[in-house]
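Visitor: Sequence and predicted structure, then a few things I'm wondering about:
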Amino acid sequence: MPKENILIVDDEEDILELLRYNLAREGYKVIRAASGEEALKKAGSGPGDLIVLDLMLPGIDGLEVTKRLKHDPGTQDIPIIMLTAKGEEADIVTGLELGADDYITKPFSPRILIARIRAVIRRRKKQLDDDTPEIRVHDLVIHSGTRALLVKGKPVDLTFTEFQVLSLLARRPGWVFTRSQIVDAVRGEGYPVTDRSVDVQIMGLRKKLGSCGKYIETVRGVGYRFRENS
């Protein structure tokens, strides 16, 4: 079966070649770009299934590229994996909030990058519609309509905010959500949620979920995600 088209963007020729070689070996069709301007042009010409995007680019940097792609109806649904230098936590958070799907730090293992690419593509294919009335993941059953939660078959009472946070994370296992994204998901309902109080909500959720609390993982310096695999 044909593999996906992947656009790789980096201004370092060695990294471009490393990416091209390893992705082509896995059967992916690889398109290269050495600048933000070239990335925007090639992404817009399609078809594209995923973009591996370096953040430190001359001219239009990776964050601006992400912003423009996510604001363009023709490219907004293309998944983006950011390549970042270690210590760029602020850029990672910004990129995720702009709509990037995942990130990996340099220097990186090609095997890990390919695993991340597969995971993002798999999550996209399995992405649940936000209106799905029931979410089943691991040992949890979440009923959106009745706002009920079953943990290993037993009902567990959650506050409004806890339920909103859990639903957000559980709908997309493996996705990293920043604290700001979590705040936005529960904002507007009269609940005073802040970045700091998100940590409190997570602590409360883990306690109520018991042994299933392990599925909510902390991504240091970024936010939280719901574990994709048991």
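Guide: That came through, no problem. Numbering: from 1, shown residues only.

Visitor: Packing partners of the lowest-mean-pLDDT helix or strand in the chain?
Guide: Using mean pLDDT, DSSP states H and E, the weakest-scoring helix or strand in the chain turns out to be helix 179-186, at a mean of 78. In this structure, helix 179-186 packs against helix 89-98, helix 160-171, helix 195-209, strand 223-226, with contacts taken as 3 or more Cβ pairs under 8 Å, 6 or more residues apart in numbering; DSSP states H and E. Bear in mind the C-beta positions are built from the backbone N, C-alpha and C, glycine included.

Visitor: Next, the angle from it to helix 195-209.
Guide: Interaxial angle, helix 179-186 versus helix 195-209 (axes from the mean of the first three to the mean of the last three Cα atoms, to 10 degrees): 70 degrees.

Visitor: can I see the domain layout of this protein?
Guide: With domains defined by automatic domain parsing, the chain comprises 5-126, 134-226.

Visitor: For those domains, give me JSON lines that also has mean neighbour count.
Guide: Formatted as JSON lines, the domains of the chain follow (neighbours: other Cβ atoms under 10 Å):
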{"stretch": "domain 5-126", "mean neighbour count": "17"}
{"stretch": "domain 134-226", "mean neighbour count": "16"}
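
Visitor: returning to what we had before: what does the least confident helix or strand of the chain contact?
Guide: The contact list for helix 179-186, computed with Cβ atoms under 8 Å, 6 or more residues apart in numbering, reads 93, 96-97, 160-161, 164-165, 168, 177, 193-195, 198-199, 201, 223-224.

Visitor: With stretch 27-34 instead?
Guide: Contacts to stretch 27-34, defined as Cβ under 8 Å, 6+ apart, come from residues 2-11, 13, 16, 19-20, 23-24, 39, 41-42, 48, 117.

Visitor: No further questions, thank you.
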